[in-house]
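>>> everything below, folded, please.
(one chain, ligands or ions: 2)
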Amino acid sequence: MGQALIVIDVQRDFCPGGALAVPDGDAIVPGINAMMSEAEAVILTQDWHPVGHSSFASSHDGKAPYEMTDMPYGPQVLWPDHCVQGSTGAQFHPDLNVDRADLIIRKGYNPQIDSYSAFFENDRKTPTGLEGYLRTRGLDRLVMVGLATDFCVNYSAVDAAKLGFKVTVREQFCRAIDLDGSLSAAWDGMQAAGVTREGTDG
Ligand code: VGL
Ligand code: ZN
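Ligands and ions are numbered 1, 2, ... in the order given. Below is the predicted model of the structure:
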């Protein structure tokens, strides 16, 4: 059985200068490239929203970015418009070694449902197909890195652990948004789900 490196959403819009910039988001790129050269399998995720996506504050009258709304599937943070399909901001960071990827999985393309996790949309039940890909390739150990620690990395890691994969998050190759304590809540949730946190010394 094998190990896969899963690189979450290392895209221009999540890096400094982007529409939903994660502080220092680009600092992780060289280290991720180095990990890729050692990895058995490399999978990239790409946040990929249609224009007018329901997770955008601009799609809701009177709402500002980072406010909450109630979606049919539960509470949802509203974001600045970001990672619009085909836009420059949706591109991978220009220094990321995308040539090494075996699979690029896009998510968030359903206009009505956001998708933080690489495995399930935010309704927690619509699958992306990644689980089947990993299982048919026999990849049962997952190392996760990328953006943002407290949203897409967190949701992906927790879902993977719940599905029975052995999951490690490499903290120094992730960066967080950290809205209202979301980062510490994310680590608590990941640890409760059985995700291994590898810190700055790991
Ligand atoms: C993400 C917010 C909205 C992420 C994606 O990649 O963590 N966060 N869309
Ligand atoms: Zn998004």
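>>> low-confidence ranges in the protein?
When residues are selected by pLDDT under 70, those of the chain lie in 201-202.
>>> pretty sure residue 89 contacts residue 18?
Yes. Residue 89 is in contact with residue 18 according to C-beta atoms under 8 Å; the separation is 5.6 Å. (C-beta placed from N, C-alpha, C; glycine too.)
>>> what residues does the protein have near ligand 1?
Counting by C-beta under 6 Å from any ligand atom, the chain comes close to ligand 1 at 9, 14, 47, 79, 116, 147-148, 151-152.
>>> could I get the phi/psi values of the residue most central in space within the chain?
Most central residue of the chain, judged by C-alpha distance to the mean C-alpha position with C-alpha atoms, centre = their mean, is residue 152 at 3.0 Å. With angles defined as degrees, to the nearest 10, residue 152 sits at phi -70, psi -40.
>>> relative to residue 164, how far out is it?
Computed with C-beta to C-beta, to the nearest Å, the distance linking residue 152 and residue 164 is 20 Å.
>>> for residue 123, which non-adjacent residue is spatially closest?
The spatially closest residue to residue 123, leaving aside those adjacent along the chain, is residue 73, at 4.0 Å (C-beta to C-beta, 6 or more residues apart in numbering).
>>> now do the contacts for that neighbour.
Contact criterion C-beta atoms under 8 Å, 6 or more residues apart in numbering gives 113, 122-124 as the residues in contact with residue 73.
>>> before we move on, what about residue 141?
With contacts defined as C-beta under 8 Å, 6+ apart, the neighbours of residue 141 are 1-4, 165-168.
>>> who's in contact with the helix or strand harbouring residue 44?
Taking DSSP states H and E as the criterion, the element that holds residue 44 is strand 41-47. Residues from elsewhere that reach strand 41-47, judged by C-beta under 8 Å, 6+ apart: 2-11, 13-14, 36, 82-83, 90, 92, 96, 98, 100-108, 118, 130, 133, 137, 139, 146, 152, 156.
>>> note down every partner strand of it and its orientation.
The pairing partners recorded for strand 41-47 under DSSP bridges are strand 2-8 (parallel), strand 103-107 (parallel).
>>> would you mark the buried spots in the shortest one?
To tie it back to what came earlier, the one meant is strand 103-107. Within strand 103-107, the residues that count as buried by 16 or more other C-beta atoms under 10 Å are 103, 105-107.
>>> export that strand as CSV, just CAs?
Listed next in CSV are the C-alpha coordinates belonging to strand 103-107 (Å, rounded to 0.1, in the frame of the first residue of the first chain):
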residue,chain,number,x,y,z
LEU,A,103,-4.1,14.0,-10.5
ILE,A,104,-5.6,17.5,-10.2
ILE,A,105,-9.0,17.4,-8.5
ARG,A,106,-11.2,20.4,-8.8
LYS,A,107,-13.8,21.3,-6.2
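>>> briefly note if stretch 167-182 comes near ligand 2.
No. Judged by C-beta under 5 Å from the ion, stretch 167-182 and ligand 2 are separated, with a smallest distance of 11.1 Å.
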